[in-house]
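[1] could you work out the structure for the sequence below:
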Amino acid sequence: MQPKPPKGTRIAHIGIAVKSISASLPFFSEILGLPEFPVDDSDGARIAAVSAGDSLIELLEAQDESSPIGKFLAKRGPGIHHICFAVDDIGATLEKCRAAGIRLIDETPRLGAEGKRIAFLHPGSTQGILVELSEH
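    Down below sits the predicted model:
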């Protein structure tokens with residue numbers, strides 16, 4: 001099997017915490033005309049996605065109040081939850097983060113939606129932004 005050629009870092013998706021996918025999705029799909037894109041639910045969230053060019057917008061609805069999205073909504077209300085960057089080598093990127101003193105939420109990659117390897121960086125180290133890394 002041939003190794004995959006590097007794609008470089010890019011925005012994979014922006015996660016938006018919403019109280020209701022059914023109330024939020026029509027703005028993106030009907031008003032903006034963004035096509036729906038199938039994704040799996042993950043981390044205690046129901047997820048609906050729309051394609052915005054090469055990136056996705058993920059609408060994240062809490063399955064229960066104790067889930068990460070449930071806690072986010074209770075504390076901050078609806079809004080941008082995180083930005084996800086697709087990287088060629090998540091292990092190497094996490095090592096660069098460690099070397100730079102960036103605080104990691106996930107010390108090692110784990111499986112996320114769509115079976116991709118992911119890891120989150122702590123917003124205290126990234127100017128207040130929750131950053132997700134996802135391997136292409």
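[2] dihedrals phi and psi, residue 27?
    phi -60, psi -50 (degrees, to the nearest 10).
[3] neighbours of it, just the number please.
    Residue 27 has 12 neighbours, counted by other C-beta atoms under 10 Å. In short, each C-beta sits where N, CA and C put it, glycine included.
[4] now it: how far from residue 18?
    Distance, residue 27 to residue 18, using C-beta to C-beta, to the nearest Å: 10 Å.
[5] please apply the same query to residue 60.
    For residue 60, the distance to residue 18 - C-beta to C-beta - is 7 Å.
[6] which residues touch residue 68?
    Residue 68 is in contact with 43, 44, 45, counting by C-beta atoms under 8 Å, 6 or more residues apart in numbering.
[7] shaky segments in this protein?
    1, 3 (pLDDT under 70).
[8] now the helices for it?
    Applying DSSP state H to the chain gives helices spanning 21-26, 68-76, 90-99.
[9] kindly reformat these as CSV containing distance to residue 107.
    Below are these laid out as CSV (distance: least, C-beta to C-beta, whole Å):
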stretch, distance to residue 107
helix 21-26, 31
helix 68-76, 17
helix 90-99, 8
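[10] nearest to residue 37, out of the ones you listed?
    With C-beta to C-beta as the criterion, residue 37 lies closest to helix 21-26 of these, at 11.6 Å.
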